[in-house]
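K.L.:
sequence and predicted structure, then a few things I'm wondering about:
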Amino acid sequence: MTKLKLSKEELLEQIQNSHGNISISSISSTEEGEELIALAKHLELEGRIVLMEYCLDKKPLSVSLKTKKPD
């Protein structure tokens, strides 16, 4: 399995391209999913997104993010 490693900018671009609802299923471990959620939280702290919901699903392993643009 290849390890998915997104930068904050890449994650932000994916969020913007998906109109705020994104599901990433190409992760290989729970830790990797937690890293993606942490990246989303950093984007929120920077005021670039509003993180409304996030979920780390175990079966199948994926991360779902629901966001909106900041006001």
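P.N.:
Yep, it's here.

K.L.:
make it CA atoms for all contacts and neighbour counts henceforth
P.N.:
Will do.

K.L.:
got the buried residues for the helix or strand where Lys66 lies?
P.N.:
Assigned by DSSP states H and E, Lys66 belongs to strand 62-68. Using 16 or more other Cα atoms under 10 Å as the test for burial, strand 62-68 gives Ser62, Val63, Ser64, Leu65, Lys66, Thr67.

K.L.:
what helices and strands are in contact with the longest helix seen in the chain?
P.N.:
Longest helix in the chain, counting residues (DSSP state H): helix 30-45. Applying 3 or more Cα pairs under 8 Å, 6 or more residues apart in numbering; DSSP states H and E, one finds that helix 30-45 contacts helix 8-17, strand 50-57, strand 62-68.

K.L.:
out of the ones you listed, which one sits most buried?
P.N.:
Neighbour counts (mean count of other Cα atoms under 10 Å) averaged over each of the helices and strands packed on helix 30-45 peak at strand 62-68, with a mean of 19.

K.L.:
run the angle between that strand and helix 8-17 for me.
P.N.:
Our comparison of strand 62-68 with helix 8-17, counting by axes from the mean of the first three to the mean of the last three Cα atoms, to 10 degrees, yields an angle of 70 degrees.

K.L.:
tell me the mean pLDDT for strand 62-68?
P.N.:
The average pLDDT for strand 62-68 rounds to 96.

K.L.:
what is the burial count for Pro60?
P.N.:
10 (other Cα atoms under 10 Å).

K.L.:
ok, it - contacts?
P.N.:
Ser25 (Cα atoms under 8 Å, 6 or more residues apart in numbering).

K.L.:
ok, now how distant is it from Glu31?
P.N.:
Distance, Pro60 to Glu31, by Cα to Cα, to the nearest Å: 14 Å.

K.L.:
before we move on, what about Ser18?
P.N.:
Taken as Cα to Cα, the span from Ser18 to Glu31 is 24 Å.

K.L.:
between the two, which is the more surrounded one?
P.N.:
Between Ser18 and Glu31, Ser18 has the larger neighbour count (other Cα under 10 Å), namely 13 against 10.

K.L.:
phi and psi next, for the more buried one.
P.N.:
phi -100, psi 10 (degrees, to the nearest 10).

K.L.:
distance of it relative to Ser64?
P.N.:
Relative to Ser64, and taking Cα to Cα, Ser18 is found at 12 Å.
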